[in-house]
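return atomic coordinates for the entry below.
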Amino acid sequence: MDVADLESTGQRLRNVSTSSGSFADVYYDRWKLKVATNAKLVAAQKAIFRATYAADASERGPLWRHGYGDNIDVDKEMYAYVDRAGFRLPDALGDGRFKQLGIKTHVDCCPRSVLGDGASGEAVKRWRPIQCLVALSDTASADCGGFSCAPGFHKSFATHFSLKADQPPVDATGRRTASGAVCHGAFLPLAHDTEVDAAVVHVPIPAGSAVFWDQRLPHRQEQRHNGVEPRSVVYVGFLPPCALNRSYAKMQAKTLQLGVPPPDFLPMNVDSKELDEFAKRLSARGIDNFWDALVRTQSKEQGKKDAEYSLTARERSLLGCAL
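Numbering: from 1, shown residues only. Prediction:
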């Protein structure tokens, strides 16, 4: 794809996207890992955790309660969550063959899991209570394919999705309750919930900014992009220390080594054992490490040394490679 000629090459985005919306399945490119492990971003996330979910249990309060332990020390341990990138073309460039649509209002968590302290039996791969994006382009105006959310909804999340043992799946108004929420893993679509959808507002974001939001905040990509420049972002995230997240980070490091998508973007039935079997098959073909092979290829193509693409000790720690 040529950014200088998006009109004729923009449709090639479909080659790097396995989903609708403006997501690009870009995970381990060196520049992207640098963004995901940026020192200032890491420091900001630690400060947010210390004031919320990682605060002392006696000071945390009900808003930040969780079932993942009372001794969360993000200064000693925290893991970078490898996510996708976003690249949204202006609507004027779309056609019948390739028309991007913004993902509608949703939360990236299931109320049963959140309100049940993670012990509800819900299939949860990891605990990512705070989400983040880094903007590579300006979306100061609305309807430019940018980010929108429902500010403050985390405070009413528990009331909106009240969780009770005898709760019916639908309340008297016809709204789905927590027990009736149709979750797809850690994804709950909410566009049908008119009360929530109406509370979502545009968030102006200048290029170079990072936006952090609680997983309980309903959010969406704007459905229209009336601007003239593509909207581009890098989705990132960080996992506070707990047994569940250590397991996820360890598996994520394995996917990085093998050059396959991170755990959240693998088929639901793929587990660590199957990744080990895949590694054995690669080894039988003389390939011990897809990442190292990629590093060597990129360095040759761009005339740079392998060392420039290797991970630093700090990056390896954040990405779970030391587990």
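
residue 223 and residue 104 touch, don't they?
Yes. Because the distance of 7.4 Å satisfies Cβ atoms under 8 Å, residue 223 is recorded as touching residue 104. (Each C-beta comes from the backbone N, C-alpha and C, glycine too.)

which helix or strand contains residue 213?
Using DSSP states H and E, residue 213 falls within strand 210-214.

by contact count, what packs against the strand or helix carrying residue 279?
Per DSSP H and E: residue 279 is located in helix 272-284. Applying 3 or more Cβ pairs under 8 Å, 6 or more residues apart in numbering; DSSP states H and E, we find helix 272-284 packed against helix 243-258.

now what about the helix it packs on, what contacts it?
With contact meaning Cβ atoms under 8 Å, 6 or more residues apart in numbering, helix 243-258 is reached by 27-28, 68, 79, 81-82, 118, 124-127, 239, 261-263, 266, 271-272, 275-276, 278-279, 282, 289-291, 319-321, 323.

skipping its backbone neighbours, what lies nearest residue 134 in space?
If the residues on either side of it in the chain are set aside, residue 134 comes closest to residue 234, at 4.7 Å by Cβ to Cβ, 6 or more residues apart in numbering.

what secondary structure does the one you found sit in?
For residue 234, the assignment made with DSSP: H, G, I helix; E, B strand; the rest coil gives strand.

likewise for the one 4 residues further on?
Put simply, residue 238 is strand when judged by three-state DSSP.

tell me how far it lies from residue 159.
Applying Cβ to Cβ, to the nearest Å, the value for residue 238 to residue 159 is 28 Å.

can you check residue 224 too?
32 Å.

which of these two has more residues huddled nearby?
Taking neighbours as other Cβ atoms under 10 Å, residue 224 and residue 159 compare with residue 224 leading, 13 against 7.

show me what contacts the more buried one?
Here residue 224 is in contact with 91, 102, 143, 145 (Cβ under 8 Å, 6+ apart).

try 10 Å this time
90-91, 101-102, 142-145 (Cβ atoms under 10 Å, 6 or more residues apart in numbering).

sorry, back to before: which residues does the residue nearest to residue 134 bridge with?
When assigned by DSSP bridges, residue 234 has beta-bridge partners residue 85, residue 134.

and residue 211, what does it touch?
Here residue 211 is in contact with 131-135, 147, 149, 203, 205, 219, 233 (Cβ under 10 Å, 6+ apart).

that one bridge partners, please.
The partner residues for residue 211, given DSSP bridges, come to residue 133.

residue 125 against residue 186, yeah?
Yes. Residue 125 is in contact with residue 186 according to Cβ atoms under 10 Å; the separation is 7.3 Å.

centroid residue for the protein?
residue 83 (4.7 Å; Cα atoms, centre = their mean).
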